[in-house]
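Colleague: next come a sequence and a model predicted from it.
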Amino acid sequence: MSQLLHSASVRKLITKGLKSECKALKEKNIFPSMKVVLVGSDPASVIYTTSKKKFCEKIGALCEIVTLDEKISEAEFLNTINEINSDDSVHGCIIQMPLPKHLSHLDVGRLVKKEKDVDGFHPENLYALLSNNGDQHDFISCTPKGILTLMQESQISVAGKHVVIIGRSMIVGKPLAMLLTNHNATVTLCHSHTENLKDLTKKCDILVSAIGKANFIDESYLSANKNQVIIDVGMNTDTQGQLCGDVYFEKVVDHVSAITPVPGGVGPMTIVSLAQNLLQASKNRLSL
Ligand code: NAP
């Protein structure tokens, strides 16, 4: 019988801690506050930004969704970000992706200043992760941080383990590879040009899939020993229009030792990490 790595109980526990941290900050006159910049009205982006706002409010933090017209000029868009960067009452800022085509050339990671970069995309935050010299003042990208937290809270150690990650995006695969390496895992980072992918996935201890293809991973990718942990990052739509992961859950669940469901696995942990980063950004203000 495999272990289902639901994030609900972990999230509940962490939420309780975040609520008291937020209260303690307010007692010191720091009111944790975040702005989420949303350009246009892409339905998925509206859902993601609303969930972020709701969770921030649940822990007692302020969160404003700054909705900008889809056709906003580049100058006006940059001006909005600069105003947020210089507003001392705001501790964290994220730019909801994707941006419309006319803004997609912008190097988004450099726009929000490092101290407010609760998404962990700023080059200095990424360098801290890369060099493993970061401290609690730096921000780790939310999805990788959430995956590690979920595994830690589920007593799954990565130290000494061989982890195969499929997907090399800047928001999941690459930072996760660094984070798990820093936690003493041996990581193989795979992508669409990886040859003999199944040979690699069959041999690993932990398989993380961040591909973006519904039900891509079935039992043919797995070891016959049924001893692997599967972390499914994918958020896709199946042929019935339902949310599903990269992993064909029904086909895989009896062939593994533990697996994250979709929904209810990695997704909610990403928002938890964002709130943790926001409170860290707010606390950092105390040491200025
Ligand atoms: P992405 O930018 O969409 O890139 C997908 C990655 O998968 C690329 O590295 C690509 O390789 C690789 N890939 C595609 N097809 C492949 C194949 N057949 N074999 C091996 N590798 C393949 O990635 P992303 O933004 O990280 O998103 C991935 C998925 O995670 C999506 O479903 C997204 O919605 C989800 N996601 C979830 C969360 C969450 O909070 N749960 C957060 C972020 C993303 P190449 O580099 O060679 O093209």
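Modeller: Cool, got the structure.

Colleague: list the buried ones in stretch 66-79?
Modeller: 66, 68, 72, 77 (16 or more other CB atoms under 10 Å). Quick note: C-beta positions are derived from backbone N, CA and C, even for glycine.

Colleague: need those residues in CSV (columns: secondary structure and pLDDT).
Modeller: Output for those, formatted as CSV (DSSP: H, G, I helix; E, B strand; the rest coil; pLDDT from 0 to 100):
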residue, secondary structure, pLDDT
66, strand, 98
68, strand, 98
72, coil, 98
77, helix, 98
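
Colleague: hmm, stretch 10-24 in reach of the ligand?
Modeller: No: on the criterion CB under 6 Å from any ligand atom, stretch 10-24 is out of touch with the ligand, staying 12.6 Å away.

Colleague: just give me the residue right at the centre of the protein.
Modeller: residue 143 (1.6 Å; CA atoms, centre = their mean).

Colleague: for residue 26, see how far away the closest residue to the ligand within the stretch 1-150 of the chain is.
Modeller: In the stretch 1-150 of the chain, the residue that lies nearest the ligand is residue 143 (4.2 Å; CB to the nearest ligand atom). Distance from residue 143 to residue 26, counting by CB to CB, to the nearest Å: 28 Å.

Colleague: same thing with residue 174?
Modeller: 36 Å.

Colleague: neighbour count winner among those two?
Modeller: Between residue 174 and residue 26, counted using other CB atoms under 10 Å, the more crowded position is residue 174 (19 against 14).

Colleague: thought the more buried one was touching residue 189?
Modeller: Yes: with contact defined as CB atoms under 8 Å, residue 174 and residue 189 form a contacting pair (7.2 Å).

Colleague: hmm, back to that, just how off-centre is the helix or strand encompassing the residue of the stretch 1-150 of the chain closest to the ligand within its chain?
Modeller: If you go by DSSP states H and E, residue 143 is part of helix 142-153. Its chain's C-alpha centre and that of helix 142-153 lie 8 Å apart, by CA atoms, centre = their mean, to the nearest Å.

Colleague: and for stretch 209-219?
Modeller: Computed by CA atoms, centre = their mean, the chain-centroid distance of stretch 209-219 equals 18 Å.

Colleague: and that stretch, end to end?
Modeller: 14 Å (CA to CA, to the nearest Å).

Colleague: buried residues, it. List them.
Modeller: 209, 210, 211, 214, 215, 216, 217.
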